[in-house]
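Undergrad: Provided below for reference: sequence and predicted model.
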Amino acid sequence: MKSEWFKDWFNTKEYISVYQHHNENDAENHIKLILDNVKIPDSSKILDMACGTGRHAIILARKDFRLTAVDLSENLLSIAELSAKDENLKINFIHSDIRNFETPERFNLVLNLFTSFGYFESDEENFSVLKKAYNLLDKEGFFVLDFFNSEYLINNLIEYSEEVINDVAIHQYRKIKDKRVVKKIVIAKDGNLNEYEESVRMFTRDELVNVLQNIGFDIYKTFGDFLGNNFDQKNSPRLILICKK
């Protein structure tokens, strides 16, 4: 396994093809659930950790929040910047590995959405992201971590899937190995094959809750999906933790 797989994969045009089903409507539901369940002042400062194409940051900026959005992928950031420019929205986009991101600013809300966690080789590195979120929050600020529910994933793993989008065939192979869910993505286009890999550390709810509480967070609310359903260990596809400093 290439240990820092995300550096190449997220910077490809193919990444957008694979994940294009995550649309604006999904993002609207995500933001609605978050804003319905956190208490932050108007025009609060919000940090979107690993913002990708900026779907969530743009929705929040439309609501007059002050957005800082960080991502490692120049490709995804360029899409986000264009989208914000099209709507004349002011968002402070920053190209950075979240492990190295530093700012004197403190935020009322920090977001880590769409499984933007667990990418790194060591637990220490992964947990450093949660510590960073805590340190970047203002007093009484909120942190939202959106992760997959590991038990649901294990029981519902689809080992192989394929789809064709605009004459591009996308083959995905999934397995669980060494406490990680590993996905091989093979993209066939114009007679060429490109292969990529994703590898994400699996954590149970209890593991994440213990780490977050040890850092200093209170677990404020827990959901099992972005429709606001309660978390169920066996049946919830997501683990959404709303934490308070």
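TA: Yes, it's here.
Undergrad: can you pull the buried residues of stretch 216-235?
TA: Buried residues in stretch 216-235, counted by 16 or more other C-beta atoms under 10 Å: 217, 220-221, 223-226, 231. Using the backbone N, CA and C atoms, a C-beta is placed for each residue, glycine as well.
Undergrad: Now, those that are in strands?
TA: Among the buried residues of stretch 216-235, the ones falling in strands (DSSP state E) are 220-221, 223.
Undergrad: Check those against Asn11 and report the nearest one.
TA: Proximity of these to Asn11 (C-beta to C-beta) peaks at Phe223, which lies at 31.2 Å.
Undergrad: Report the contact partners of the closest one.
TA: Applying C-beta atoms under 8 Å, 6 or more residues apart in numbering to Phe223 gives the contacts 33, 229-231, 236, 238, 240, 242.
Undergrad: nearest to Leu130, of those residues?
TA: Nearest to Leu130, judged by C-beta to C-beta, of the contacts of Phe223 is Ile242 at 13.6 Å.
Undergrad: Does that closest one touch Asn37 like I think?
TA: Yes - shown here, Ile242 and Asn37 form a contact pair, counting by C-beta atoms under 8 Å, at 5.6 Å.
Undergrad: between the two, which one's more packed in?
TA: A direct count of neighbours by other C-beta atoms under 10 Å for Ile242 and Asn37 places Ile242 higher, at 21 against 15.
Undergrad: could you pull out the strands for the chain?
TA: Going by DSSP E, the chain shows strands at 45-49, 66-71, 91-95, 107-112, 137-148, 160-165, 168-177, 180-189, 192-201, 218-223, 238-244.
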